[in-house]
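1. What follows is a predicted protein model with its sequence.
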Amino acid sequence: MLQKNLFKLLFFSVIALFFYCCTSEGGDKEPNNSIDQAVAINSDQEFTIKINPKGDVDWFKIEIPEQGYLKIKANQIPEQIGLEVLFAKLQEWEGKKQKTIRGWHKLPDALFVEEAGTYYFVLQDDYSDQFSEEEILIKVEFIKEFDMLEPNNSVEKAKEIKLNSEIKPAIYPKGDNDWFKFKVEKQGYVTVKSKNVEGEITPEISFAGYDAWADKKIETIRNWHKLPDACAFADTGYYYILLHDDYDDQCCEKPFDLKIDFVDEFDKYEPNNDFKKADTVNRGDTLIVAVFPKGDHDYFKINITEGDTISFLAKDFEGITPELSLFTINPEDENKLTRVRDWKKLPAKFEVETGKEYYILLHDDYDDKCSMKPFEFRIE
């Protein structure tokens, strides 16, 4: 009886092994240590690999039918293995066969695929200094495109959007950068807000100009800021927004809502973020000004014709802490200013010299607050 049971166990084990071998595709079929030896696999397939010996790399290839994402996940990774993936294309007629299209990233990771074709990926230990006899379970998945604004990963492929509209971008995979193009037709502000942001991403934007014929094609107009944010525009024309996750280390497959609006200019002294564009003011003037957007610096010019002190007051401001300082033209470079009085929050009083020209710089004390509500700024 024992022999009969052992025979049955052996028989069914052989049948199960035969069935597995006939139905499984891909997997860690050595040798697959170069792109030429890549093992063909299918989408939504699971298989196992081993990182053994040290320095072992395993190449695979897959046919992608359309624009979307090739996602690689792993399970049961041995503690000592830092499993990474690199994506590439095969260049059969070039000197170097491997063309990297996404560098090394820890799993899980994904590749944005813009067009159908054969794509390759390689798995290895992050420092190639560890190995394991344990099997690692790998899952390969193709995800159809869910961001209707892609491809827009370069300024040349920026998607044109209308101001006073809403769009639904997604930041996926890690490191995704999305470019948008819009047209400004009069002086004012472009504001950007977000909602329904999921996962651990922190959307962040910058504003830029682009000239395909210039030596420096992309000119940053406003550097990175978290949302909500806004940028002032004095000139008409086409401009660009670049959207990403703040550290490029998070992503989410779910699109979120992005609202882009245009606000007419409400500060008659703008643009005055450069001292060369400063309006001349006098004692006794009451100005209606605004500190907007974050980081807004407002310059004014005043000639002291009498008195040895000057005072500045403000009222009806909300959400900001107005602060100012006094400057004069740098005696060695007329294109620069020299600060001659330390920063003071309003109300503020400064000693001045009769017959001298000063530049007033007004801002929020830490440049981290702003308000679209104008307030009264008085000079005495």
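-> In hand now; what should we look at?
2. Go ahead and name everything in contact with stretch 75-89.
-> For stretch 75-89, the external contacting residues (CB atoms under 8 Å, 6 or more residues apart in numbering) are 35, 51, 70, 72, 74, 98-107, 109, 111, 117-127, 130-132, 134-137, 139. No exception for glycine: its C-beta is placed from N, CA and C like everyone else's.
3. helices or strands up against the longest strand belonging to the chain?
-> In the chain, taking DSSP state E as the definition, the longest strand is strand 333-345. In terms of contacts (3 or more CB pairs under 8 Å, 6 or more residues apart in numbering; DSSP states H and E), strand 333-345 is packed against strand 322-330, strand 348-351.
4. which parts of the first one are buried?
-> Going back to what we said before, that points to strand 322-330. Of all the residues in strand 322-330, those buried under the rule 16 or more other CB atoms under 10 Å are P322, E323, L324, S325, L326, F327.
5. Kindly provide the whole-number mean pLDDT of that strand.
-> Regarding strand 322-330, the rounded mean pLDDT is 98.
6. How about the contacts made by V192?
-> So V192 contacts I205, L227, P228, D229, A230, I241, L258, K259, I260 (CB under 8 Å, 6+ apart).
7. Narrow those residues to those in strands?
-> Counting by DSSP E, those place I205, D229, A230, I241, L258, K259, I260 in strands.
8. Low-confidence ranges, the stretch 151-300 of the chain, go.
-> Nowhere does the stretch 151-300 of the chain drop to pLDDT under 70.
9. Strands of that one, residue ranges please.
-> With DSSP state E, counting those that start in this stretch as the criterion, the stretch 151-300 of the chain has strands at 159-160, 165-167, 178-184, 188-195, 203-210, 218-226, 229-233, 237-245, 257-264, 279-281, 286-289, 298-303.
10. Look up the residues forming beta bridges with the residue nearest the centre of the chain.
-> By CA atoms, centre = their mean, the chain has its centre lying nearest to H244, at 2.1 Å. Here H244 sits in beta bridges with E204, as judged by DSSP bridges.
11. okay, now the domains of the chain?
-> By the record's domain assignment, the chain is partitioned as 23-144, 155-264, 275-379 (automatic domain parsing).
12. Emit the ChimeraX select command for whichever of the ones in strands among the contacts of V192 are buried.
-> The buried residues among the ones in strands among the contacts of V192 can be selected in ChimeraX (16+ other CB under 10 Å) with this line:
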select :205,229,230,241,258,260
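13. of all the ones in strands among the contacts of V192, which comes closest to V281?
-> Nearest to V281 among those: A230, at 25.5 Å, using CB to CB.
14. what's the distance between the closest residue to that closest one other than its chain neighbours and I138?
-> Nearest residue to A230 in three dimensions, chain neighbours excluded: P293, at 3.8 Å (CB to CB, 6 or more residues apart in numbering). Using CB to CB, to the nearest Å, P293 is found at 47 Å from I138.
15. Mind checking which of the two has more residues around it?
-> A direct count of neighbours by other CB atoms under 10 Å for P293 and I138 places I138 higher, at 27 against 20.
16. Contacts for the helix or strand harbouring that one, please.
-> Assessed by DSSP states H and E, I138 sits inside strand 136-144. Around strand 136-144, the neighbours that count as contacts under CB under 8 Å, 6+ apart are 41-51, 60, 62, 64-66, 68-78, 81, 83, 110, 123, 253.
17. Make a ChimeraX selection of the buried ones in those residues.
-> Of these, the buried ones go into a single ChimeraX selection, burial set by 16+ other CB under 10 Å:
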select :41,45,47,49,50,51,60,62,64,68,69,70,71,72,74,77,78,81,83,110,123,253
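18. could you redo the buried residues of strand 322-330 as CSV and give each row distance to N177?
-> Shown next, in CSV, are the buried residues of strand 322-330 (distance: CB to CB, whole Å):
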residue, distance to N177
P322, 36
E323, 35
L324, 38
S325, 37
L326, 41
F327, 38
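19. which of those residues sit farthest apart?
-> By the measure CB to CB, P322 and F327 form the most distant pair in those, at 16.7 Å.
20. re the thing from before, which of the ones in strands among the contacts of V192 sits closest to V340?
-> Taking CB to CB as the measure, V340 lies nearest A230 of the ones in strands among the contacts of V192, at 31.5 Å.
21. Just say which of the strands of the stretch 151-300 of the chain is most tucked in.
-> Across those, averaging neighbours per residue (mean count of other CB atoms under 10 Å) puts strand 229-233 on top, at a mean of 21.
22. mean confidence score for stretch 99-115?
-> The pLDDT scores in stretch 99-115 average 97.
23. ditto for stretch 125-145
-> Stretch 125-145 shows a mean pLDDT of 96.
24. buried set for it?
-> Of all the residues in stretch 125-145, those buried under the rule 16+ other CB under 10 Å are D125, Q130, F131, S132, I136, I138, V140, E141, F142, E145.
25. rewinding a little: so what are the sheet partners of the longest strand of the chain and their directions?
-> Strand 333-345 has its sheet partners listed here by DSSP bridges as strand 322-330 (antiparallel).
26. what does the partner strand contact?
-> If you take CB under 8 Å, 6+ apart as the criterion, strand 322-330 is touched by 275, 291, 312, 314, 336-346, 348, 350, 352, 356-365, 375, 377.
27. For ChimeraX, what selects the buried ones among these?
-> In ChimeraX, a selection of the buried entries from the contacts of strand 322-330 looks like this (16+ other CB under 10 Å):
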select :275,291,312,314,337,340,341,344,346,348,350,352,358,359,360,361,362,363,364,375,377
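28. still on that earlier bit, so how far is E114 from the residue nearest to the centre of the chain?
-> Separation of H244 from E114 (CB to CB): 18 Å.
29. likewise S311?
-> If you go by CB to CB, the gap between S311 and E114 works out to 61 Å.
30. List the contacts of whichever strand or helix holds L123.
-> Using DSSP H and E, L123 sits within strand 117-125. Contact with strand 117-125 is made by 35, 38, 49, 51, 54-64, 70, 72, 81-90, 98, 101, 111, 113, 131, 138, as judged by CB under 8 Å, 6+ apart.
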